[in-house]
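Engineer: Could you work out the structure for the sequence below:
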Amino acid sequence: MAGNKQVRDGLRYIGLRLRFRDSYDMAVARGVIRYTRSKPDWELRGTGPWFLPLQVEGLERCEALIARIEGDDDAHELATLEIPVVDIAGACTRHFFNTVRNDDYATGACAGAYLRRLGCASYAWCGVEQVHWARERLIGFCGAVGVSPAGMPRFERSLKWWEQLYDASLELQAWLDRISRPTVLFCSNDMVAMKVDVEARRLGLDIPADLSILGVDDEELLCELATPSLSSVRLNCEQIGYEAAALLDRLLETPGYGDGTISVRRIAPGDVVERESTTLVLEQDPMVAQAVQMIRRDVHKGINVTDIVDALPVSRRCLEQRFKRARGRTLLDELQQERLRQACGLLRSTDLTMERICQECGFYSVQRFFIQFRRHYGTTPGLWRKAQKEFSSVNGPYA
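Structural biologist: Alright, predicted model coming up:
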């Protein structure tokens, strides 16, 4: 048997069944490789020039597999191998395998929270139809912006349809022409966002004045090639790969691990990478819009309310009243929330010291940072960072 051969060789052949056609697979592979450094008896096999070929002796030589399972046919095929398999996609309807995947509901919620800050009252969705991950992103987005999925203007097609980037689509153009302007549009991934961008420009729409576009995956080259460049929610793909390898290790090393139950571990997404497609604040009041833009652009410089008022042709009292009416909070509240938002991003995604984070986010002192953080989140920045790292992935049953 293949397993006996692997034992005699002193190696465990671990297959990576990834396509390596996008940054998702590349980052997942990096995470797997990072974990594998602690496993000298693991030998990775996969597609592409970086690994020993998976096809040389077939999947039957692999003792375990990490796979991007895209559909039910794929799942049925891999289920016949009768080896531990960890899925990193979560796209199929048949729940045969343990899964480590992106938290797609949280991704949609993250996008919605970010897009609400633009101040636009009109939202829309473009996505891949009939796949779980896109549906979860839509539901999370709708919850964050306070619109029911049934009431959300939507345009959905297959992934293959969206991949025809530069083939003109009169139906997408007609849909984009019908939705109100300005609208903020959340796309299920960057490929969808790029297609929307191309068709919107064919219509002569101004991005972001008529249409603000946000994608997912932060495919850097794709996002930068777009005109204007596309904002995107960054995913923690390397963490997905690392956790998938760790789970596979437990399945191999611990007889009866999980007692045959199937579970999914969801990895929280990263932050929004802001580019030109969402840089315009869509507040109807131009003074409020300029104030918000200044806060986002210059908050790291330590600006205060006086600096904002001095930069605009309006009295402090008038600006405060207009700002409170439009945003539901004061200028000082907006400044503090933006500083805290940026600080949370740095706490979650970097190992910067508290002093450096204070400098990067425009806090006057570490003491002031701690006071505001505790008042808002009920804990210290250090404990918040630790909790984020400990619970960046969540175990739970398949729904």
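Engineer: use CA for all of it now, contacts and neighbours both
Structural biologist: Will do.
Engineer: So which bits of the lengthiest helix in the chain are buried?
Structural biologist: In the chain, ranked by residue count with DSSP state H as the criterion, the top helix is helix 331-349. By 16 or more other Cα atoms under 10 Å, the buried positions in helix 331-349 come out as 331, 334-336, 338-340, 342-344, 346-348.
Engineer: now, among these, which is nearest to residue 93?
Structural biologist: The closest of these to residue 93 turns out to be residue 348 (Cα to Cα; 32.0 Å).
Engineer: how close does the closest one get to residue 270?
Structural biologist: Plainly put, residue 348 is 8 Å away from residue 270 if you go by Cα to Cα, to the nearest Å.
Engineer: same check, this time on residue 347
Structural biologist: From residue 347 over to residue 270 the distance is 11 Å, taken as Cα to Cα.
Engineer: Could you do residue 287 as well?
Structural biologist: Residue 287 is 31 Å from residue 270, by Cα to Cα.
Engineer: Check residue 319 too.
Structural biologist: Look at residue 319 and residue 270: by Cα to Cα, they are 34 Å apart.
Engineer: Equivalent analysis for residue 99, please.
Structural biologist: Taken as Cα to Cα, the span from residue 99 to residue 270 is 19 Å.
Engineer: wait, isn't residue 358 in contact with residue 368?
Structural biologist: No - between residue 358 and residue 368 there is no contact under Cα atoms under 8 Å: 9.1 Å.
Engineer: Now residue 182. Nearest residue, chain neighbours left out?
Structural biologist: residue 210 (4.4 Å; Cα to Cα, 6 or more residues apart in numbering).
Engineer: Tell me the predicted confidence for that neighbour.
Structural biologist: Looking at residue 210, its pLDDT reads 90.
Engineer: give me every residue that touches it.
Structural biologist: Residue 210 is in contact with 181-183, counting by Cα atoms under 8 Å, 6 or more residues apart in numbering.
Engineer: for it, phi and psi?
Structural biologist: In terms of degrees, to the nearest 10, the main-chain angles of residue 210 are phi -90, psi -40.
Engineer: Ok, residue 125 next?
Structural biologist: With angles defined as degrees, to the nearest 10, residue 125 sits at phi -140, psi 140.
Engineer: Quick check: bridge partners of it?
Structural biologist: Beta-bridge partners of residue 125, counted by DSSP bridges, are residue 154, residue 186.
Engineer: rewinding a little: and residue 99 and residue 270? Which one has more around it.
Structural biologist: Between residue 99 and residue 270, residue 99 has the larger neighbour count (other Cα atoms under 10 Å), namely 28 against 20.
Engineer: Pairing partners for the strand or helix carrying that one, with directions?
Structural biologist: Using DSSP states H and E, residue 99 sits in strand 98-102. Using DSSP bridges, the strands paired with strand 98-102 are strand 85-87 (parallel), strand 263-267 (parallel).
Engineer: Export that strand to CSV, keeping only CA atoms.
Structural biologist: What follows is strand 98-102, C-alpha atoms only, in CSV (Å, rounded to 0.1, in the frame of the first residue of the first chain):
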residue,chain,number,x,y,z
ASN,A,98,-12.7,19.3,7.4
THR,A,99,-12.3,22.8,6.1
VAL,A,100,-10.1,25.8,6.9
ARG,A,101,-11.4,28.8,5.0
ASN,A,102,-11.9,32.5,4.9
